[in-house]
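K.L.:
could you look at this predicted model? Sequence included:
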Amino acid sequence: MDILIKSFNRPYYLDRCITSIYKNVSGQFKIKVLDDGTPVRYLDKIRKKHPNVEILLSDNYQKKGKAIEENLSSGKPINGFEIPTKFWYENVKKASEYVIVTEDDVWFTHPINIDNLQNQAQCFNINLIKLGWLGNESDKENLLINSISDNLESAKPKSLFYFPKKLMEAFFYNHYKFYTILYKLGKTDHYTQRKYWALNSILMGFFNKKYWLEIWEGMDGKVDEKRQLINASLFYRKNKNNPNFISRLKTEAMKTTFQSSATNSYHEYGFDFDVNRFNYLINEAWMKGEFDAMENFPKDFSLDYFKKFVSEKINFSEFEKWVTKFRNQYEEMGCNTN
């Protein structure tokens, strides 16, 4: 079975992700890194440390590598909104029947056996097994949870609308003020659309690849989360009588970071902190063998550990404010960021 890791310019997290797979994942699997611009010398070290990992490069790899160089030399922003969705899509299309699709800043915290999960997915007709959910237990309020095995439970969404395509698009994009009308009628609230994430997992999903491909159809070079949820809703509408369509582990097995980002594009909070500069400093420390990719595992890297490598080169108090803002953004949604 294929485990696909989307990657861009954070080899210290990529190393952590891969190491955690070998530590916690058993069964027959192949790791493939889908990289979009990480400098060659960093990838060479990943290859040397993890020789069984296959690294595939996007069509924009050279362009993205040049963008990293220009950012370091002149401060020119890296366009974090230029996303290789076609590259991801084509590689999932060529992958095994069931796939785990994750990212470089995500890692496995508890043991799983993917042969066992694949057998259960086939037996119980599961299209998505959630391996992690950011510690957000409040989501259970919107799910019908039933045990289906010693390690899995079905997670059927409650009370969602499953309209035909045009109405689903109007619902998410508020075409013709459709969502506004439903809101005024008391049929929706500010949290209704968020509940549709019960149907998807960007970072921590064990998928029947047919379902993943349906979700990511039509992304056209950008991660349009509303389009993903529309696609997921339309596919689920045809399968909603299957109580096990979406399932999850009984024990969360993956975590991600809330103190780093691939670029500044998604987390510009107004602080005197450049995440590209930060990543470069940690990348270089990792490259020299000074930075331990498994420090504080299975939790995220400790801020004191980061401080040892960057405190004399960046305004560390601004970095701490940035991290606090990043964490608060997700904690307000019920996530556990520790």
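P.N.:
Structure's in. What do you need?
K.L.:
I'd say Asp115 and Gln28 touch.
P.N.:
Yes. Counting by Cβ atoms under 8 Å, Gln28 is a contact partner of Asp115 at 6.1 Å. To be clear about C-beta, it is placed using only N, CA and C from the backbone, and glycine gets the same treatment.
K.L.:
more neighbours: which of those two?
P.N.:
Using other Cβ atoms under 10 Å as the criterion, Asp115 and Gln28 rank with Asp115 on top: 13 against 9.
K.L.:
wait, what's in contact with the residue nearest to Phe326 when sequence neighbours are not counted?
P.N.:
Nearest residue to Phe326 in three dimensions, chain neighbours excluded: Phe258, at 5.2 Å (Cβ to Cβ, 6 or more residues apart in numbering). Applying Cβ atoms under 8 Å, 6 or more residues apart in numbering, we find Phe258 in contact with 300, 323, 326-327, 330, 337.
K.L.:
pull up the gap between Phe258 and Tyr12, please.
P.N.:
Using Cβ to Cβ, to the nearest Å, Phe258 is found at 16 Å from Tyr12.
K.L.:
what's the answer for Gly65, then?
P.N.:
According to Cβ to Cβ, Gly65 stands 17 Å off from Tyr12.
K.L.:
repeat for Cys335
P.N.:
Counting by Cβ to Cβ, the gap from Cys335 to Tyr12 is 23 Å.
K.L.:
so those two - more neighbours on which side?
P.N.:
A count of neighbours by other Cβ under 10 Å puts Tyr12 above the other of Cys335 and Tyr12, at 23 against 19.
K.L.:
got a list of what the nearest residue to the more buried one once chain neighbours are set aside touches?
P.N.:
Spatial nearest neighbour of Tyr12, excluding adjacent residues (Cβ to Cβ, 6+ apart): Trp286 at 4.1 Å. Contacts for Trp286 (Cβ under 8 Å, 6+ apart) come out as 11-12, 15, 42, 293.
K.L.:
dump stretch 79-87 to PDB, restricted to CA.
P.N.:
C-alpha atoms of stretch 79-87 as PDB (Å, rounded to 0.1, in the frame of the first residue of the first chain):
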ATOM      1  CA  ASN A  79       3.800  32.200  -3.600                       C
ATOM      2  CA  GLY A  80       2.300  29.600  -1.300                       C
ATOM      3  CA  PHE A  81      -0.900  29.600  -3.200                       C
ATOM      4  CA  GLU A  82       0.700  28.000  -6.300                       C
ATOM      5  CA  ILE A  83      -0.200  24.400  -5.400                       C
ATOM      6  CA  PRO A  84       0.700  21.200  -7.400                       C
ATOM      7  CA  THR A  85      -2.700  19.600  -7.200                       C
ATOM      8  CA  LYS A  86      -2.400  18.000 -10.600                       C
ATOM      9  CA  PHE A  87       0.900  16.400  -9.500                       C
END
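K.L.:
got the buried residues for that stretch?
P.N.:
Buried positions in stretch 79-87, judged by neighbour count with 16 or more other Cβ atoms under 10 Å: 80, 82-85, 87.
K.L.:
with that, I have no additional questions.
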